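Student: Provided below for reference: sequence and predicted model.
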Amino acid sequence: MALRVFNSLSRQLELFEPIHEGRVGIYVCGPTVHNDAHLGHGKTYVNFDTVVRYLRYLGYKVLHVQNITDVGHLLDTGEDRILKGAKREKLNPWVLVEYYERRFFRDMDTLNVTRPDITPHATCHIPEQIELVKTLIEKGYAYEVNGSVYFSVRKWPEYGKLSGRKVDELIEGARVEVLPEKRDPADFALWKRAEPEHIMQWPSPWGMGFPGWHIECSAMSTKYLGQPFDIHGGGMENKFPHHECEIAQSEAATGKPFAKYWLHNGMLMIRGEEMHKSLGNFITLEQAFQQYAPMTIRFFILGSHYRSPLDVTDEALAAAARGVERLYGTMRRVRAQMDEAKSGPMSETVASLVADAEARFREAMDDDFNTANALAVLFDLNREVNKMVHEGAPVSRESWQQVDALYGRLVGDVLGLITPETYQAQTAGLTDDLLRLLVETRAELRQAKQWALADRIRDRLGALGVALEDRPDGTTWRIRPPEAGDEE
């Protein structure tokens with residue numbers, strides 16, 4: 001089965017065929033860095049990180065570009081989000097941008113989201129945006145008024161082909177207020193005139209100003225990926241007006257298609273409602289990490305199809321935590337078997353199990369990156385592996401190594417659910433639980449006056465570097481450095 005993706009532009013599943021054989025260019029709309037990243041950001045970037053990871057697993061050489069919006073993203077009032085954030089925190093806007101960009105990538109690193117290959121900033125590409133605006137004016141698709149430049153939507157008959165909206169039915173986009181200087185309420189800003197007190201402004205042929213939100217993505221995506229490029233990704237909420245405007249201005253300027261495939265991920269909900277600060281259900285990733293392990297959150301996101309809305313509940317996250325531990329638990333058992341098994345020929349049974357699981361995993365992911373079904377395949381694999389361990393099947397070390405490598409490819413490389421740090425953390429948690437169990441068992445033996453068995457547990461733990469200390473209120477333990485003569 002070959003990879004098929006749902007193209008929002010055609011509204012159907014299509015066979016994925018990159019423009020250049022063996023290479024894929026993907027652009028994903030990045031954050032506006034005026035505040036901390038929230039769970040909705042987590043869903044978007046985990047979703048598209050998995051898309052990039054799977055394309056690389058398939059052997060494609062992927063160029064992943066994701067922008068940073070640090071100017072031009074306007075509120076309903078026409079106020080720039082960056083400037084509003086700067087006023088809120090009484091910071092210079094450049095300081096605000098630097099601070100929240102660092103925190104954004106900190107949160108993405110915590111979720112094991114792979115860094116983009118190129119992270120262009122809107123403020124670093126002002127000349128490219130100005131040139132694009134000039135081209136649109138020269139071709140008659142844009143007009144200047146009072147130092148601002150607008151795209152004339154009615155001059156572009158295909159406007160609405162992504163969202164399905166018709167110009168006569170449009171209400172002015174929520175990002176920018178309707179201004180009387182526009183020729184048509186549906187027209188959108190390419191360049192905005194800046195008032196003297198506006199901190200973020202640049203010289204242009206139309207006076208001092210700053211770029212509109214939509215123009216930055218067109219300028220930066222085509223600079224680094226060319227036009228057309230393979231995949232444009234982003235949240236469903238960006239389909240209109242942002243992505244619709246990107247298509248119009250890019251294709252009007254060049255006369256070429258903008259992007260071949262459009263992928264949109266579903267929105268994140270909090271107990272059935274959209275997440276908004278006004279509803280009191282706004283959760284930053286930093287807050288979420290205080291309650292749930294990062295890989296629990298990533299697993300939760302991957303447990304549903306990327307195009308589906310995702311409803312956050314404590315019950316669903318608790319189930320995700322159990323799911324992660326089931327995967328890690330089986331991986332630990334596999335590694336234990338690797339350590340204990342003898343060298344020998346590859347088991348035909350294991351070879352068949354590995355090949356079948358990987359084929360089924362690929363079949364799931366080839367169906368528009370269906371991570372939910374891919375996880376189901378992994379749990380089927382878990383069941384078969386645990387059965388082999390339980391039954392004590394004679395399996396060679398080389399066979400267990402193949403199983404371990406499979407988990408590494410599918411759970412780690414593609415789904416991004418395992419890193420050395422997270423695996424060690426899970427192992428450390430298991431070690432604490434086992435030590436607690438041994439200490440409790442020893443206490444019960446002492447109460448039953450089975451001193452020999454209790455002393456044996458103490459002595460064996462001591463030989464392993466675990467020192468027990470009996471106190472009136474119970475027994476504690478500590479890991480001590482190994483000494484000469486200790487068992488290794």
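Tutor: In hand now; what should we look at?
Student: going by C-alpha atoms from here, please, whenever you check contacts or count neighbours.
Tutor: Fine.
Student: which residues touch stretch 439-459?
Tutor: Leu438, Ala467, Leu468, Thr475 (CA atoms under 8 Å, 6 or more residues apart in numbering).
Student: which SSE is the second one in?
Tutor: Secondary structure assigned from DSSP states H and E places Ala467 in strand 466-471.
Student: same question for that strand, mean pLDDT?
Tutor: Taken as a whole, strand 466-471 has an average pLDDT of 77.
Student: partner strands of it, with direction?
Tutor: strand 474-479 (antiparallel) (DSSP bridges).
Student: mean confidence score for the strand it pairs with?
Tutor: On average, strand 474-479 scores 70.
Student: likewise stretch 146-162?
Tutor: The pLDDT scores in stretch 146-162 average 95.
Student: hmm, back to that, and the strand holding Ala467, what's buried?
Tutor: Val466, Ala467, Leu468 (16 or more other CA atoms under 10 Å).
Student: go on, stretch 181-197?
Tutor: Neighbour-count burial for stretch 181-197, counted by 16+ other CA under 10 Å, picks out Lys182, Asp184, Pro185, Ala186, Asp187, Phe188, Ala189, Leu190, Trp191, Lys192, Arg193, Ala194.
Student: how far is the helix or strand containing Trp400 from where the chain is centred?
Tutor: Using DSSP H and E, Trp400 maps to helix 397-407. Distance of helix 397-407 from the chain centroid (CA atoms, centre = their mean, to the nearest Å) equals 28 Å.
Student: buried ones in that helix?
Tutor: For helix 397-407, by 16+ other CA under 10 Å, it's Arg397, Glu398, Ser399, Trp400, Gln401, Gln402, Val403, Asp404, Leu406, Tyr407.
Student: now could you export just the CA positions of stretch 393-403 as CSV?
Tutor: C-alpha atoms of stretch 393-403 as CSV (Å, rounded to 0.1, in the frame of the first residue of the first chain):
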residue,chain,number,x,y,z
ALA,A,393,9.9,-19.8,24.3
PRO,A,394,13.5,-20.6,23.3
VAL,A,395,14.4,-17.4,21.4
SER,A,396,17.9,-16.3,20.5
ARG,A,397,19.5,-13.1,21.5
GLU,A,398,19.6,-12.1,17.8
SER,A,399,15.8,-12.6,17.6
TRP,A,400,15.1,-10.4,20.6
GLN,A,401,17.4,-7.8,19.2
GLN,A,402,15.2,-7.7,16.0
VAL,A,403,12.1,-7.2,18.2
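Student: can you tell me what sits against it?
Tutor: With CA under 8 Å, 6+ apart as the criterion, stretch 393-403 contacts 334-335, 337-347, 350-351, 354.
Student: next: stretch 140-154.
Tutor: Taking CA under 8 Å, 6+ apart as the rule, stretch 140-154 contacts 133, 136-137, 155-156, 159, 167, 181-184, 186-193, 206-209, 249, 252.
Student: need the buried residues of strand 466-471 in CSV with distance to Asp70, can you?
Tutor: Below are the buried residues of strand 466-471 laid out as CSV (distance: CA to CA, whole Å):
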residue, distance to Asp70
Val466, 53
Ala467, 55
Leu468, 56
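Student: what's near enough to touch Val377?
Tutor: Ala357, Arg360, Phe361.
Student: in this structure Thr119 contacts Asp70, no?
Tutor: No. If you go by CA atoms under 8 Å, Thr119 and Asp70 don't touch, sitting 11.9 Å apart.
Student: show me which of those two is the more surrounded one.
Tutor: Higher neighbour count among Thr119 and Asp70: Asp70, with 26 against 14, using other CA atoms under 10 Å.
Student: gap between that one and Arg193?
Tutor: The spacing between Asp70 and Arg193, counted by CA to CA, to the nearest Å, is 17 Å.
Student: do the same with Arg298
Tutor: Distance from Arg298 to Arg193, by CA to CA: 42 Å.
Student: one step back: can you flag the buried ones in the contacts of stretch 393-403?
Tutor: Val334, Arg335, Gln337, Met338, Ala341, Met346, Ser347, Val350, Val354.
Student: break this structure down into its structural domains.
Tutor: 22-265, 288-418, 439-479 (automatic domain parsing).
Student: lowest mean pLDDT across those domains, which one is that?
Tutor: In terms of mean pLDDT, the lowest-scoring of the domains of the chain is domain 439-479 (a mean of 80).
Student: what's the helix or strand for the spatially most central residue of the chain?
Tutor: The chain has Val46 as the residue nearest its centroid, 1.7 Å off, counting by CA atoms, centre = their mean. Assigned by DSSP H and E, Val46 falls within helix 39-57.
Student: name the residues of that helix that are buried.
Tutor: Residues of helix 39-57 classed as buried: 39-56 (neighbour count, 16+ other CA under 10 Å).
Student: what's that helix packed up against?
Tutor: Judged by 3 or more CA pairs under 8 Å, 6 or more residues apart in numbering; DSSP states H and E, helix 39-57 is in contact with strand 61-66, strand 229-235, strand 268-270, helix 285-291, helix 294-302.
Student: which pair of the buried ones among the contacts of stretch 393-403 spans the longest distance?
Tutor: The span of the buried ones among the contacts of stretch 393-403, defined through CA to CA, is set by Ala341 and Val354 at 18.0 Å.
Student: the nearest residue to Asp80 once chain neighbours are set aside: neighbour count?
Tutor: What sits nearest to Asp80 in space, not counting adjacent residues and going by CA to CA, 6 or more residues apart in numbering, is Leu74, at 4.5 Å. When neighbours are defined as other CA under 10 Å, Leu74 has 19 of them.
Student: Leu74 and Trp213 touch, don't they?
Tutor: Yes. With contact defined as CA under 8 Å, Leu74 reaches Trp213; the gap is 7.1 Å.
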